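Novice: Have a look; sequence and predicted model below, questions after that.
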There are 2 protein chains.
Amino acid sequence: MTAIKESSTIQENKQYALEKCPVTFVMEKIGGYWKPIILYHLSTGDKRYSELKRAIPAVTEKMLIQHLKQLEADGLVIREAKPVVPPFVTYRLSTAGNGLLPIIDAMAAWAFKVKDGIYNI
Amino acid sequence: MTAIKESSTIQENKQYALEKCPVTFVMEKIGGYWKPIILYHLSTGDKRYSELKRAIPAVTEKMLIQHLKQLEADGLVIREAKPVVPPFVTYRLSTAGNGLLPIIDAMAAWAFKVKDGIYNI
DNA sequence: ACAAGTACTTACCCTAAAGTATGTAACATG
DNA sequence: CATGTTACATACTTTAGGGTAAGTACTTGT
């Protein structure tokens, strides 16, 4: 969680956009390079922290937990920690998180159409 | 179009994410605070530049054209300029741009569910 | 005694994206 | 002849986000 400065124009505009535009609201939740990838990996079942780390080798640990914490704070993923040593922590999608899957699917469908040249982009 | 530095880690990671994750690919296209709002406004029919400006008062002109140019470059919107003075320029969604609408709708649906408290976030 | 594994945390730096402010061409109108 | 309108462009600044590198606690294996 990076510190954000209150009352900068950019934050005010963000507020405006968030209220005006449901799409922006969603982008707030799943925006950030790694969040969609994390969500994708969690869509196939719950994962340990280290499993995610290995599944997404390019992500740094800082970014991984930072996004996981944010997703947790947003109520999209649920963290479960067993009180053992070494730690055993699993992450899984919440109901709201699962509700995102149709969006993810629609995005993937569009992306594949573009890549297959269905649209002449 | 902002100048980007080749071969920075962030750019390499972006590449990785773009290839691995179709969702990230889509986020690249519609990410940025104003793009979804612009797309939403264009979804109800073609609009003049000045109409968009008035429809989204909080956006600065720089951001508005910057995003419009980017959307145009990405093949999502089509720009049509009549060679008159004062200029008369309209923007509308391309086929690919229209293909985004199901995503936009799915996002809006999810956002409204969250706001209506359907999910207990 | 020491390395390894797990799940983090923290301090610092760098870049891309957004914002501010101002300027431009071309004509039409008062 | 000055002002307004439209659709931009461009130089400069700020900020949020991402990256680097290093450290922490607690236990098991060698």
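Specialist: Thanks, I have the structure now.
Novice: who in chain A is up against DNA strand C?
Specialist: A:9-10, A:13, A:48-50, A:61-62, A:65, A:68-69, A:79, A:81, A:85-89 (Cβ under 7 Å from any atom of the strand). Heads up, the C-betas are built off the backbone N, CA and C, glycines and all.
Novice: who's in contact with the most centrally placed residue in chain A?
Specialist: The centroid of chain A falls nearest to A:K35 when counting by Cα atoms, centre = their mean (2.8 Å). By Cβ atoms under 8 Å, 6 or more residues apart in numbering or on different chains, the contact list for A:K35 reads A:29, A:67, A:70-71.
Novice: Could you list which of these belong to strands?
Specialist: Assigned to strands by DSSP state E, none of the contacts of A:K35 qualify.
Novice: DNA strand D next: which of these are close?
Specialist: Contacts with DNA strand D within those, as defined by Cβ under 7 Å from any atom of the strand: A:H67.
Novice: Neighbour count for the contacts of A:K35 - can I get that in a markdown table?
Specialist: As requested, these are exported to a markdown table (neighbours: other Cβ atoms under 10 Å in any protein chain shown):
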| residue | neighbour count |
| --- | --- |
| A:K29 | 22 |
| A:H67 | 22 |
| A:Q70 | 17 |
| A:L71 | 24 |
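Novice: from the contacts of A:K35, which two are the most distant?
Specialist: Using Cβ to Cβ, the contacts of A:K35 span at most 10.9 Å, a distance reached by A:K29 and A:H67.
Novice: just to revisit the earlier point, want to throw the contacts of A:K35 into TSV with pLDDT and distance to A:N120?
Specialist: Shown next, in TSV, are these (pLDDT from 0 to 100; distance: Cβ to Cβ, whole Å):
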residue	pLDDT	distance to A:N120
A:K29	93	32
A:H67	97	35
A:Q70	96	37
A:L71	97	36
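Novice: Which of the contacts of A:K35 fall in helices?
Specialist: Using DSSP state H, the members of those that fall in helices are A:29, A:67, A:70-71.
Novice: circling back to that earlier point, make JSON lines from the contacts of A:K35 and add distance to B:G117 to it.
Specialist: Shown next, in JSON lines, are the contacts of A:K35 (distance: Cβ to Cβ, whole Å):
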{"residue": "A:K29", "distance to B:G117": "16"}
{"residue": "A:H67", "distance to B:G117": "25"}
{"residue": "A:Q70", "distance to B:G117": "21"}
{"residue": "A:L71", "distance to B:G117": "19"}
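Novice: Closest to B:H41 out of the contacts of A:K35?
Specialist: A:K29 (21.9 Å).
Novice: In the host helix or strand of A:L52, which residues are buried?
Specialist: Assigned by DSSP states H and E, A:L52 falls within helix A:49-55. Across helix A:49-55, burial judged by 16 or more other Cβ atoms under 10 Å in any protein chain shown covers A:49, A:52.
Novice: helices or strands up against the longest helix along chain A?
Specialist: Scanning chain A for the helix with the most residues, using DSSP H, yields helix A:101-115. Here helix A:101-115 touches helix A:35-43, helix B:22-30, helix B:95-99, helix B:101-115, going by 3 or more Cβ pairs under 8 Å, 6 or more residues apart in numbering or on different chains; DSSP states H and E.
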